[in-house]
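Student: How does the following fold in three dimensions:
(chains A and B)
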Amino acid sequence: MEILIQQLINGIALGSIYALIALGYTMVYGIIQLINFAHGDIYMVGAFVAFFLISIFHLPFFAALIIAMLACSLLGVIIERVAYKPLRNQNRLTALITAIGVSFFLEYTMMYFVKPDPRAFPASFKLHNITIGNVVISSKDILILIISFTLMLILTYIVNRTKTGKSMRAVSFDKDAAQLMGIDVNKTISATFAIGSSLAAAAGVLVGMYYGQIDPLMGIMPGLKAFIAAVIGGIGIIPGAAFGGLILGVTEALVSGAGYSMLRDAVAFVVLILILIIKPTGILGKNIREKV
Amino acid sequence: MNDQNKSGSFWKRNTPGILVAVGLLAVYLILHFWIQGFEIGGNKYQLNKYYTLNIYLMGMNIILAVSLNLVCGITGQLALGHAGFMAVGAYTSAVCTMKLGLPFAVGLLAGGLVAAVMGIIIGLPTLRLKGDYLAIATLGMGEIIRVILINIDYVGGASGLSPIPKLTNWTWIFFITVGTVLFVKNFINSTYGRACISVREDEIAAETMGINSTRYKTMAFCFGAFFAGVAGGLYAHNFFIIQPNLFNFFKSFEYLVMVVLGGLGSLTGSVLAASGLTVVNLALQNVPDLRMVVYSLVLITVMLFRPGGLMGTKELTFSIFKLNKKRGGDRGTSGN
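Tutor: I've put the predicted structure just below:
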């Protein structure tokens, strides 16, 4: 029982990371129907920015977190402008392949500069463990939960209550109609990329802090898993991404807890394929019939 | 080989085919003797081992790129799990020759067949998905295959399977490569191939015309997997050791780059791109860090400026040498 609760806590911490990345995926997919493969690498860049800020400039953790988020939102906007915008009216396959290209470009450019070896992420906190019975809750877990839930609340506020959010919803509903209503579609798409990328950067910094180690290829697996999380919740649906992230995180933690940690990655993909076969629109998704 | 028998009596009509056959035979013989080593006037000429290896790799890359093109280019289904099928073929054939003591040809065939069966098993459920979902699902399938192989102790787990006898030689590589290209070429020009192209162009319209799109997609997927499996077998018997992690997502990506660069749907494009990128690889061997950076930049640039790939859906035929339009021009079924 205690092991189960311990695994649940680990799973929720991991799941909220997935949820943060998945939010960016789902927002971008909702607005331009593109799987932004480079999203996982923005998360990696975020972790590295924070790493350099903390270890070279000795900034406090929160300052590094915010600067990394800003830097990555800029990076996200640049990627969108350079690589995706010219292809917006092309075949969707073309944009998808470009996204894969951007992803590899970020990974290997980073690897060229920082070398492939993992680096220790500087610990910027004193750890306090809270022990209840045999269950250990570390301050890292709590910090991850607080930061990710705060960011999700801010996101919900932006999407539902601000003008940018309103235009984002409008563009994702019908791009042409939104344009006719005087919404600047380009600006809205850029804003979506900026917000999504900053969430990914935050996830990267949190993971660096949580596991204490980062490397240039760290974004691949979490990126794919976050995409799976977005699909589980129903891609394009913002609460769905958060929900799917938590489900996936807890599932993985339970699988590792049961002693099958080698199969952890496979389980995530099996979940994905099952969801795609049984309910391709995701748990919270609605069925939309394809129109000719 | 096949086209030589067929074209024997129609010299004039089949000049291009005969020229290609003679050219290929010449390439085969020259490289065969060069790799074996020969002596002229006391001087021994032999192709250096490293270049030989790269020529082998070029052959395997052509097989993999052409078979992936069948799925991605001809049928228009973006699949990112090609390395998974290659792994299945590599492991099956290696187990056949190493542990069961079967001959190499049986091993290769078994590798291809098991990969093809995997292709059907994986294809039937996933090919109902479209575009991006299919890409992710096949990527996931490739990763599942890799993780499963890591967990099977019979084939060595994560540390890999060795020692695999070195049975791959130039003759095997050459004839399998040529056979694959010929097969895919004939497939494209058959009823099945045209059905696949119609699925690529517009799936709903194809369904309306009575084409069972799932069947043709699965068929293309199955053939693609078969050739990937055979190429995997060649790969395994060339490198002494295979490890599950060799066949990861990056490997699938490399072949995707070849197909995309050559043009989605262009067979000659895939062959050219696969050969070209092998040479580029050789040139960039001294700067391995930059290799993937160059690869990804090439991919992004090609997509931005020529979204259809260098060749588009066109084929390189002899019609570029002569003005009569008997063979050229009718190949681009897409019509744009």
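Student: what about the nearest residue to residue A:36 once chain neighbours are set aside, neighbour count?
Tutor: Counting by CB to CB, 6 or more residues apart in numbering or on different chains, residue A:36 lies nearest to residue A:28, which is 4.6 Å off, once chain neighbours are set aside. Placement of C-beta: from N, CA and C, glycine included. Here the count is done by other CB atoms under 10 Å in any protein chain shown, and residue A:28 has 29 residues near it.
Student: Verify the stated contact: residue A:28 with residue A:192.
Tutor: Yes - here residue A:28 reaches residue A:192: they are 6.1 Å apart, a contact under CB atoms under 8 Å.
Student: In the chain, spot the helix with the most residues.
Tutor: Here I'm looking at chain A. Ranked by residue count and defined by DSSP state H, the top helix of chain A is helix A:2-32.
Student: try chain B instead
Tutor: When chain B is scanned for its longest helix (criterion: DSSP H), the result is helix B:213-239.
Student: Contacts only, for the residue nearest the centre of chain B.
Tutor: Per CA atoms, centre = their mean, the C-alpha nearest to the average position across chain B is that of residue B:64, at 2.0 Å. Residue B:64 makes contact with B:82, B:86, B:227, B:228, B:231, B:255, B:258, B:274 under the criterion CB atoms under 8 Å, 6 or more residues apart in numbering or on different chains.
Student: any idea which helix or strand carries the residue of the stretch 151-292 of chain A found nearest chain B?
Tutor: Closest to chain B within the stretch 151-292 of chain A is residue A:269: 3.3 Å, counting by CB to the nearest CB. Here residue A:269 sits within helix A:264-278, counting by DSSP states H and E.
Student: Counting by contacts, list what that helix packs against.
Tutor: For helix A:264-278, the elements it packs on are helix A:220-233, helix A:238-257, helix B:104-126, helix B:131-150, judged by 3 or more CB pairs under 8 Å, 6 or more residues apart in numbering or on different chains; DSSP states H and E.
Student: all strands of the stretch 101-250 of chain A, in order?
Tutor: Taking DSSP state E, counting those that start in this stretch as the test, the strands found in the stretch 101-250 of chain A are A:119-120, A:129-132, A:135-138, A:213-214.
Student: Could you tell me which strands the third one is paired with, and in which direction each runs?
Tutor: Okay, so that is strand A:135-138. Here strand A:135-138 has these sheet partners by DSSP bridges: strand A:129-132 (antiparallel).
Student: And the partner strand, how far out from the chain middle?
Tutor: On the basis of CA atoms, centre = their mean, to the nearest Å, strand A:129-132 sits 29 Å off its chain's mean C-alpha point.
Student: ok so, going back, could you dump the contacts of residue B:64 into JSON lines with pLDDT and distance to chain A added?
Tutor: JSON lines is the format used below for those (pLDDT from 0 to 100; distance: CB to the nearest CB, whole Å):
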{"residue": "B:82", "pLDDT": "92", "distance to chain A": "13"}
{"residue": "B:86", "pLDDT": "94", "distance to chain A": "18"}
{"residue": "B:227", "pLDDT": "96", "distance to chain A": "21"}
{"residue": "B:228", "pLDDT": "95", "distance to chain A": "19"}
{"residue": "B:231", "pLDDT": "95", "distance to chain A": "22"}
{"residue": "B:255", "pLDDT": "90", "distance to chain A": "12"}
{"residue": "B:258", "pLDDT": "88", "distance to chain A": "12"}
{"residue": "B:274", "pLDDT": "91", "distance to chain A": "17"}
